[in-house]
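# Could you look at this predicted model? Sequence included:
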Amino acid sequence: MKKSFFYLAFSLVLCVGLTGCLSHWFIETTSRLQVENATEDCTVKSVDIFSADSTSYVRWVDEQILPGERSRVVENDWVGNFRIRVNYTRSTDGSGKTLHYVKKMEVEGGSLFLKVESDEDSLSLKFR
């Protein structure tokens, strides 16, 4: 009886070990982001994540979000500290020039909701 229990336990541990990293069962490594444009005069063009040395970026949300609208939910495998860049245009200046707003953020995995609001001269970002 003891021998069969040992083989059963060993087989179970071996199967579980082969399914992948056990930490994925406890820590969520996938991050989902949805962006709401709560401004009245700005169009969000994209949301980017910078590399640690700020030399390159990856586009996280590649979608034009008009005032009052929300983006689709975009999923990526990011966890850690990053710099986020929001590319936007202001309809009140009429130039069509793309402006950038950069902020540091911590991504812990799971679902993120980013609300983009407008002050007189710049944007503000609120995460929920």
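Right, received. Where do you want to start?

# hey, let's count contacts and neighbours off CA atoms from now on
Fine.

# host element of the residue nearest in space to the middle of the chain?
Central residue of the chain (Cα atoms, centre = their mean): Leu33, 4.5 Å from the mean position. Per DSSP states H and E, Leu33 falls inside strand 31-37.

# And the pLDDT at the residue nearest to the centre of the chain?
On the pLDDT scale, Leu33 is placed at 92.

# List the contacts of it.
The contact partners of Leu33, taken as Cα atoms under 8 Å, 6 or more residues apart in numbering, are Val73, Val74, Glu75, Ser111, Leu112, Phe113, Leu114.

# Just the buried ones among those, please.
Glu75, Ser111, Leu112, Leu114 (16 or more other Cα atoms under 10 Å).

# dump the residue contacts of the first one.
Taking Cα under 8 Å, 6+ apart, we find Glu75 in contact with Thr30, Ser31, Arg32, Leu33.

# distance of it from Tyr88?
21 Å (Cα to Cα, to the nearest Å).

# got it, and the third one?
Relative to Tyr88, Leu112 is positioned 20 Å away (criterion: Cα to Cα).

# Just list whatever residues bridge to the nearest residue to Arg59 once chain neighbours are set aside.
Nearest non-adjacent residue to Arg59, counting by Cα to Cα, 6 or more residues apart in numbering: Asp48, 4.3 Å away. Counting by DSSP bridges, Asp48 forms beta bridges with Arg59, Arg85.

# which sections of the chain are below the confidence cut-off?
1, 14-28 (pLDDT under 70).

# mind running it again at 80?
In the predicted model, the chain carries pLDDT under 80 at residues 1-7, 11-29, 51-54, 78-79, 92-96, 109, 119-122.

# residue boundaries of the helices in it?
2-18 (DSSP state H).

# Go through the contacts of Leu33 and say which is closest to Thr43.
Closest approach to Thr43 among these (Cα to Cα): Leu114, at 14.5 Å.
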